[in-house]
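# the sequence isn't on hand, but the structure is:
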């Protein structure tokens, strides 16, 4: 793989203590970035600065950014990765089940990007990368709340692109499909095999495969890409 053209920059990844977020941090560290992760608990990988933050709380986000800026300099790349699920059928889903997921996955991304944009506007440079999901546009039974929150990120990125694109700021969405994580590993083998039948690639992705796409979007090579939705789903969501 050709190493993308990168300028060492400061990157902040929300929810970087596990899963895809942890792999994102590892990849950015490997490529020479100054990396910070937010976490409500736990730690990011070795070499990353871990700061405490809750994306549903603007004050905690502001404090986290202030801590990162003091230690690593202005945040030039922000990856909104923190998310949650609360899956259930529509008729059983309470209003809180819906709004809590929206508040974390969509409004949380808004809070993070709003705080990050201050420094980006001043520097006239920024990379905003929002981690969505194949189900954001594909849909998924039992995930009305999650799908809606992940679809909303597309509108967020495209509006940011139109509003801030002339200031050297890009905003893009990465939409992973099934990824090899602790969560998918716990699925019964028969169910995993059933899911893989629906994926043209016939397998789940490794977290590193997602991380490299995100790191490429942050690189100098991707400076003219904005408002895009890049699927990393093995072909599952084609046309959606």
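Arrived safely, thanks for sending. Small disclaimer: the values here were computed from a predicted structure and weren't measured.

# name the residues of stretch 24-31 that are buried.
The neighbour-count check on stretch 24-31 (16 or more other CB atoms under 10 Å) flags 24, 25, 26, 27, 28, 29, 31 as buried. C-betas here are computed from N, CA, C, even on glycine.

# and which of those residues is nearest to residue 228?
residue 24 (17.8 Å; CB to CB).

# residues touching the closest one, list them.
Residue 24 makes contact with 13, 16, 79, 81, 207, 210, 211, 214, 215, according to CB atoms under 8 Å, 6 or more residues apart in numbering.

# buried subset of those?
13, 16, 79, 81, 207, 210, 211, 214, 215.

# so which of the contacts of residue 24 sit within strands?
Counting by DSSP state E, those place 13, 79 in strands.

# for the buried residues of stretch 24-31, which one is nearest residue 119?
Looking across the buried residues of stretch 24-31 and measuring by CB to CB, the closest to residue 119 is residue 28, at 17.5 Å.

# quick one: the closest one is in a strand?
No - counting by DSSP: H, G, I helix; E, B strand; the rest coil, residue 28 is not found in a strand; it is helix.

# isn't it up against residue 218?
Yes - Residue 28 is in contact with residue 218 according to CB atoms under 8 Å; the separation is 7.4 Å.

# helices or strands up against the lengthiest strand in the chain?
Using DSSP E to define each element, the chain has its longest strand at strand 169-176. Strand 169-176 sits against helix 108-123, strand 126-131, helix 135-138, helix 144-164, helix 207-218, strand 229-232, with contacts defined as 3 or more CB pairs under 8 Å, 6 or more residues apart in numbering; DSSP states H and E.

# okay, angle between the fifth one and strand 126-131 too, please.
Same thing as helix 207-218. With axes from the mean of the first three to the mean of the last three CA atoms, to 10 degrees applied, the angle from helix 207-218 to strand 126-131 works out at 150 degrees.

# pLDDT of helix 207-218, averaged?
The average pLDDT within helix 207-218 is 97.

# quick check: angle from that helix to strand 169-176?
Using the same axes, to 10 degrees: helix 207-218 against strand 169-176 is 160 degrees.

# report all helices and strands that helix 207-218 contacts.
Secondary elements touching helix 207-218 (3+ CB pairs under 8 Å, 6+ apart): helix 19-30, strand 77-80, strand 126-131, strand 169-176, strand 229-232.

# so which residues make contact with that helix?
1, 4, 6, 9, 11, 19-20, 22-24, 26-28, 31, 33, 77, 79, 127, 129, 131, 170, 172, 174, 176, 179-181, 222, 225, 230, 232.

# of the residues you listed, just the buried ones, PyMOL syntax please.
Entered in PyMOL, the line below selects the buried ones among the contacts of helix 207-218, by 16+ other CB under 10 Å:
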select buried, resi 6+9+11+19+20+22+23+24+26+27+28+31+33+77+79+127+129+131+170+172+174+176+179+181+222+230+232
